[in-house]
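In: predicted model follows, preceded by the sequence.
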Amino acid sequence: MNTAKLKGKMREREITQEEMAKRLGIALSTMNRKLQSSEDGDSFTVGEANRIFHILELSTDEAMAIFFADAVA
């Protein structure tokens, strides 16, 4: 997961981490932990990723670049 791109899109849409956490129905501390590092295994669920996709109005390419950045082709 490319957290830098996700944070950038959140900034573009003027959505804070606190606002995103509320919209996802998770605690701010959980949101922060998920944004810290995807390597820790505490990444977003498929449902959360889908909600982020809609909240940020991401294109398919943007979502792929954010959520599948580490995928091997």
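Out: Arrived safely, thanks for sending.
In: relative to residue 23, how far out is residue 2?
Out: 20 Å (Cβ to Cβ, to the nearest Å). For every residue, glycine as well, the C-beta is placed using N, CA and C.
In: try residue 44
Out: 13 Å.
In: tell me which of those two has more neighbours.
Out: residue 44 (20 against 15; other Cβ atoms under 10 Å).
In: so that one makes contact with residue 31?
Out: No. Counting by Cβ atoms under 8 Å, residue 31 is not a contact partner of residue 44; they are 9.4 Å apart.
In: low pLDDT regions in the protein?
Out: In the prediction, the chain carries residues with pLDDT under 70 at positions 37-41, 70-73.
In: now for residue 67, how many residues are close by?
Out: Count around residue 67 with other Cβ under 10 Å applied: 22.
In: looking at it, it is touching residue 48, isn't it?
Out: No. Residue 67 is not in contact with residue 48 according to Cβ under 8 Å; the separation is 10.1 Å.
In: which SSE is immediately downstream of the host helix or strand of residue 31?
Out: Element membership of residue 31 [criterion: DSSP states H and E] is helix 28-36. Of the helices and strands lying after helix 28-36 in sequence (DSSP H and E), the nearest is helix 46-55.
In: what comes up buried for the following helix or strand past that following helix?
Out: Downstream of helix 46-55, the first helix or strand assigned by DSSP H and E is helix 60-67. By neighbour count on 16 or more other Cβ atoms under 10 Å, the buried set for helix 60-67 is 63, 66-67.
In: before we move on, what about stretch 52-61?
Out: Within stretch 52-61, judged by 16+ other Cβ under 10 Å, the buried ones are 52-53, 55-56, 58.
In: could you find the closest non-adjacent residue to residue 18?
Out: Distance criterion Cβ to Cβ, 6 or more residues apart in numbering; nearest residue to residue 18, sequence neighbours excluded, is residue 28 at 5.4 Å.
In: give me every residue that touches that neighbour.
Out: 17-18, 21 (Cβ atoms under 8 Å, 6 or more residues apart in numbering).
In: then residue 21?
Out: 27-28, 30-31.
In: kind regards, and thank you for your time.
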